[in-house]
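Participant: Whatever this is, show me its structure:
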Amino acid sequence: MDAHCPVARSLACVGDRWSMLILRDIQRGMTRFDQLGANLGVAPNILSGRLASLTAEGLLEKRQYSERPPRHEYVLTDAGRDFIPILTAIAGWGYKHRGQGPIARLVDEATGEPVQPLVIDGANGAPIGTRPLRLVQPD
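Facilitator: Numbers count the residues shown, from 1 in each chain. Next up is the predicted model:
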């Protein structure tokens, strides 16, 4: 059953904390291994594994920026950029339900206004979570 589930398939790619935090930081401009490691405080072997996995899954592209010594940076692919709204929705949920005490907040760079994420059904504009939905299995 899970083989057909888009949630299960997606979590297989990005379902751990480090993968999501790596995508968050790369979107914020931290594209190099040392930047990511310093900001996240993650062990180098874990960071290396997650970067390899995210690259293999097509969310990141590894680009060489120095030949001597060889150095690489990681950039979001189209699939990686498409995941950023998911992270923004998670951040909105976290602000609402885990926002006790000091917490960072997403703001629009142009206006300075807080971002209020909302996931909607693109077909009719209705907010997801306001009506029952069901998963239809393939034939």
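
Participant: What are the contacting residues of stretch 90-104?
Facilitator: Outside stretch 90-104, the residues within contact range by CB atoms under 8 Å, 6 or more residues apart in numbering are 20, 105-106, 115-118. To be clear about C-beta, it is placed using only N, CA and C from the backbone, and glycine gets the same treatment.

Participant: What remains of these if I keep only buried residues?
Facilitator: 20, 117 (16 or more other CB atoms under 10 Å).

Participant: List just the nearest of the contacts of stretch 90-104 to Pro138.
Facilitator: Of all these, Met20 has the smallest distance to Pro138: 27.5 Å, by CB to CB.

Participant: Only the buried residues of the longest helix seen in the chain, if you could.
Facilitator: Longest among the helix segments of the chain by residue count, using DSSP state H, is helix 78-97. Judged by neighbour count using 16+ other CB under 10 Å, the buried positions of helix 78-97 are 80, 83, 87-88, 91-92, 95.

Participant: can I have it written out in PDB, keeping just the CAs?
Facilitator: Taking C-alpha atoms only, helix 78-97 is exported to PDB below (Å, rounded to 0.1, in the frame of the first residue of the first chain):
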ATOM      1  CA  ASP A  78      13.500  22.400  -9.800                       C
ATOM      2  CA  ALA A  79      12.400  19.500  -7.500                       C
ATOM      3  CA  GLY A  80      14.300  21.100  -4.600                       C
ATOM      4  CA  ARG A  81      12.700  24.500  -5.200                       C
ATOM      5  CA  ASP A  82       9.300  22.900  -5.400                       C
ATOM      6  CA  PHE A  83      10.000  21.500  -1.800                       C
ATOM      7  CA  ILE A  84      10.500  25.000  -0.300                       C
ATOM      8  CA  PRO A  85       6.700  25.700   0.000                       C
ATOM      9  CA  ILE A  86       6.500  22.400   2.000                       C
ATOM     10  CA  LEU A  87       9.200  23.700   4.400                       C
ATOM     11  CA  THR A  88       7.400  27.000   4.700                       C
ATOM     12  CA  ALA A  89       4.100  25.200   5.600                       C
ATOM     13  CA  ILE A  90       6.000  23.200   8.200                       C
ATOM     14  CA  ALA A  91       7.500  26.500   9.600                       C
ATOM     15  CA  GLY A  92       4.000  28.000   9.800                       C
ATOM     16  CA  TRP A  93       2.700  24.900  11.700                       C
ATOM     17  CA  GLY A  94       5.700  25.100  14.000                       C
ATOM     18  CA  TYR A  95       5.100  28.800  14.700                       C
ATOM     19  CA  LYS A  96       1.400  28.100  15.500                       C
ATOM     20  CA  HIS A  97       1.800  24.900  17.500                       C
END
